[in-house]
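K.L.:
Sharing a model prediction with you, sequence too.
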Amino acid sequence: MNRDIQQLDRIRALVEESPIDAQEKKPILEKIEELKSPLETDKWIYRIVVSALSAAIILIFPLAMFASEEFIKLLLPLSTAAVGGLVGLLAPSPGRQ
């Protein structure tokens, strides 16, 4: 996906440098922006996912103190999945280095 974004950025640069007049460039550049992934353009998606995973991790500790043993066995996979998801989101991707 990162390569696709880089290619769109290259296309945008080519359009901006081209001798096409500004009125014709505007709709082309708008279409290029629409092609970008929502994960690249909408920062609220990232914030909501990180907040939800963090809340899941934080809420597990008080629930585990007062829960039965069987309920704790259900919470353990949920908490490890939430921690893994959070680490995966916060770790830098190799493609961006």
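P.N.:
Nice, I can see it.

K.L.:
Low-confidence stretches in this protein?
P.N.:
1-5, 36-41, 95-97 (pLDDT under 70).

K.L.:
Tell me where it has helices.
P.N.:
With helices called from DSSP state H, the chain shows them at 2-17, 22-35, 38-41, 43-66, 69-90.

K.L.:
Adding mean neighbour count, write the ones you listed out as TSV.
P.N.:
(Glycine included, C-beta is placed from N, CA and C.) Output for these, formatted as TSV (neighbours: other Cβ atoms under 10 Å):
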stretch	mean neighbour count
helix 2-17	12
helix 22-35	11
helix 38-41	11
helix 43-66	12
helix 69-90	12
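
K.L.:
Wait, residue 46 touches residue 53, no?
P.N.:
No - taking Cβ atoms under 8 Å as the definition, residue 46 is not a contact partner of residue 53, at 11.0 Å.

K.L.:
what do these two both touch?
P.N.:
By Cβ atoms under 8 Å, 6 or more residues apart in numbering, residue 46 and residue 53 have these common neighbours: residue 89.
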